[in-house]
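Peer 1: Okay, predicted coordinates and the sequence, questions at the end:
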Amino acid sequence: MTHTSDVLVSPSILSADFLHLAEEISSIELAGADWHHIDVMDGHFVPNLTFGLPIIRQIKSVATKPLDVHIMVDNPDEVAASYVDAGADWLTFHVEASKDPVALAKAIQAKGAKAGISLRPATSIESLKQLLPHMDLVLIMSVNPGFGGQAFMADAPDRIAAIAAMAESAGIRQRIKISVDGGINPSTAKLVRARGVDVVDVLVAGTAVYGAKDRRQAITTLKESK
């Protein structure tokens, strides 16, 4: 992967108008979105409940951009394959929930998708040290997972920089994507990229994009944050 100054923007479907989802997907793609971020919550691993396989299949049928699926579930080892089958191009699971993260990543990759790992803000990044070489993406949560619209956590930039350094020391920084999710808007996007524009590869944003009057401008502003 060659880094550029432009970050990828993955708007979160959770902030879309679900009564007009096909139109929302088309609108966000025309506005310049790179991926669609889809948060799957099971009501167990996190307290909220969102949606699952049927909605992902429907999104896949109309989307032309990759589906960036984040499964916040307590049984990722059992269900991950079903989400790849439903259309996930990137599938991210939690280190806290997986019984065998390396085996799960390999299973996801064997089915033709990219494997991502995520961790709650309270989880030590040391838990990723042995896992990063097996992953295609690491998703850093800058809010507690489970609900949209939370405030960005002030210590997130330090965690992002530390994980980037960890990937660099492992010799994999050029191929692994670092994604950030939670409270992302034009101001916080600058915070997470302040240590150098190449530290973050993907910004996940919900209301900052879907709630914007001018979605194209909102995406452009995030891409140009530095």
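Peer 2: Thanks, I have the structure now. Numbering: from 1, shown residues only.
Peer 1: in the helix or strand in which Ile55 is found, what's buried?
Peer 2: Following DSSP states H and E, one finds Ile55 within helix 53-62. Across helix 53-62, burial judged by 16 or more other Cβ atoms under 10 Å covers 55-56, 58-60. For every residue, glycine as well, the C-beta is placed using N, CA and C.
Peer 1: for that helix, packing partners?
Peer 2: When contacts are defined as 3 or more Cβ pairs under 8 Å, 6 or more residues apart in numbering; DSSP states H and E, helix 53-62 sits against helix 21-30, strand 36-41, strand 67-72, helix 76-86.
Peer 1: Pick the one among the buried residues of helix 53-62 closest to Arg120.
Peer 2: Ile56 (22.9 Å; Cβ to Cβ).
Peer 1: And the lowest mean pLDDT element among the helices and strands of this protein?
Peer 2: helix 186-192 (a mean of 88; mean pLDDT, DSSP states H and E).
Peer 1: Just give the number of residues close to the residue nearest to Pro66 when sequence neighbours are not counted.
Peer 2: Nearest residue to Pro66 in three dimensions, chain neighbours excluded: Asp89, at 3.8 Å (Cβ to Cβ, 6 or more residues apart in numbering). Look at Asp89: counted by other Cβ atoms under 10 Å, it has 17 neighbours.
Peer 1: just Pro11 next, same as before
Peer 2: Counted with other Cβ under 10 Å, Pro11 comes out at 35.
Peer 1: give me the low-pLDDT residue ranges for this protein?
Peer 2: 1-5, 146-150, 195-198 (pLDDT under 70).
Peer 1: all helices of it, in order?
Peer 2: Taking DSSP state H as the test, the helices found in the chain are 21-30, 53-62, 76-86, 101-110, 156-169, 186-192, 207-210, 215-223.
Peer 1: looking at these, which is buried most?
Peer 2: helix 207-210 (a mean of 23; mean count of other Cβ atoms under 10 Å).
Peer 1: Tell me if I'm right that Met72 and His94 touch.
Peer 2: Yes: contact criterion Cβ atoms under 8 Å: Met72 and His94 qualify, at 6.5 Å.
Peer 1: and for the two, which residues touch both?
Peer 2: 45, 145 (Cβ atoms under 8 Å, 6 or more residues apart in numbering).
Peer 1: Show me which residues of stretch 33-45 are buried.
Peer 2: Here stretch 33-45 shows 33-42, 45 as buried, counting by 16+ other Cβ under 10 Å.
Peer 1: Please tell me how far Thr92 sits from Ser27.
Peer 2: 24 Å (Cβ to Cβ, to the nearest Å).
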